[in-house]
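Novice: no sequence for this one, just the structure:
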């Protein structure tokens, strides 16, 4: 009897966090649904329920109905891109064990951007499907390059070395993009607007084109959750537990690269979502990637959608692109993380 008494409280303690995390995840989904509704109704011109129902029924005759018909794919793109960036950021932080890891900070978004711009300028590519493949390839090459540079010298690739390598690589790639675009007046304006990062050009066609890549990336990343939990213990201990470290790290990285490349191909490089979201989600979900990854996807979608709505409100009748607002939010968070983590220990 005395042996059984301590077991019940421990079991209850293990169950309660799971219920609490499930509740927080449900709250996050409800908040996302409310933001999606706000994204459809709020803009340069607010619309009512009748216009929304008419647009969902296929009508686009009136001005308000046409506005709703345009906002629906825009909202869906914001949700998809935000979920992709939030999830990929959480995976990258898990793979590298780097609290500063982010598709923007590590230069992966800029690598995808350079690949797309080079394809447009030198090969005359114009199809969105071609952009997606180029973006994924550019993101993958950049990820390998940054990790290689961060591994040079004594010791393995530390978080600080990876962050510095990513920042330097991102700056260099941005210079290459400018060098390609500046002599090309025919594409300069479009590329500059795309580089800011936004979802204003969302359409059902663009969503359909990136959807298979996003679904593949989501599946790979979510299936990598257990492997990421093992990697968090260290490579030696993970290998001792039977984890195939190289395979787990490679598979998770592949999923993150696919998500980054596909979203960047359509929205442009939206920065800091993958940095801010996982840190916020750990406060609610903890460090277990089986919970952290779904949380990060939902929270990332909510952040990008909220930024899109806010950009339409504060600059009426004009708009502020999502990439500008996420940078304004993410930069202070980045500074806070660096100060809190004590850079020498990174």
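Specialist: Looks like it arrived, so ask away. Being a predicted model, the structure only gives us computed values, none of them experimental.

Novice: residue 42 contacts residue 311, correct?
Specialist: No - taking contacts as Cβ atoms under 8 Å, residue 42 lies outside contact range of residue 311: 10.6 Å. Where C-beta positions appear, they are placed from N, C-alpha and C, glycine not excepted.

Novice: who's more crowded, those two?
Specialist: Per other Cβ atoms under 10 Å, whichever of residue 42 and residue 311 has more neighbours is residue 311, with 21 against 18.

Novice: against residue 104, how distant is that one?
Specialist: Remark: distance between residue 311 and residue 104 (Cβ to Cβ, to the nearest Å) = 18 Å.

Novice: next: residue 324.
Specialist: 13 Å.

Novice: settle it for me: which of the two has more neighbours?
Specialist: residue 104 (28 against 16).

Novice: where does that one sit: helix, strand or coil?
Specialist: The three-state label given to residue 104 by DSSP: H, G, I helix; E, B strand; the rest coil is coil.

Novice: mind checking how far the residue nearest to it when sequence neighbours are not counted is from residue 317?
Specialist: What sits nearest to residue 104 in space, not counting adjacent residues and going by Cβ to Cβ, 6 or more residues apart in numbering, is residue 271, at 3.6 Å. With distances taken as Cβ to Cβ, residue 271 is found 26 Å from residue 317.

Novice: give me the neighbour count for the closest residue to residue 235 other than its chain neighbours.
Specialist: Nearest in space to residue 235, with sequence neighbours left out and distances taken as Cβ to Cβ, 6+ apart, is residue 245 at 5.0 Å. For residue 245, the neighbour count with other Cβ under 10 Å is 16.

Novice: pLDDT at residue 245, what is it?
Specialist: Looking at residue 245, its pLDDT is 86.

Novice: what does the one 10 residues further on give?
Specialist: Here the pLDDT value assigned to residue 255 is 95.

Novice: before we move on, what about residue 304?
Specialist: Note on residue 304: pLDDT of 95.

Novice: stretch 308-327 - what's its average pLDDT?
Specialist: The pLDDT scores in stretch 308-327 average 87.

Novice: okay, how far is it across that stretch, tip to tip?
Specialist: 13 Å (Cα to Cα, to the nearest Å).

Novice: then stretch 239-247?
Specialist: Start-to-end span of stretch 239-247 (Cα to Cα) is 11 Å.

Novice: next SSE after the helix or strand of the chain with the lowest mean pLDDT?
Specialist: Least confident helix or strand of the chain, by mean pLDDT, DSSP states H and E, is helix 49-56 with a mean of 64. Heading C-terminal from helix 49-56, the first helix or strand you meet, by DSSP states H and E, is helix 63-96.

Novice: which positions in that next one come out as buried?
Specialist: 64-65, 67-96 (16 or more other Cβ atoms under 10 Å).

Novice: for stretch 175-186, same thing?
Specialist: 177, 180, 181.

Novice: where does this protein have low pLDDT?
Specialist: 1-16, 44-46, 48-67, 155, 338, 340-346 (pLDDT under 70).

Novice: contacting residues for the residue nearest in space to the middle of it?
Specialist: In the chain, the residue lying closest to the centroid (Cα atoms, centre = their mean) is residue 85, at 0.6 Å. Residue 85 makes contact with 103, 259, 260, 263, 270, 273, 274, 277, 300, 304, according to Cβ atoms under 8 Å, 6 or more residues apart in numbering.

Novice: please report how far the first one lies from residue 179.
Specialist: Computed with Cβ to Cβ, the distance linking residue 103 and residue 179 is 22 Å.
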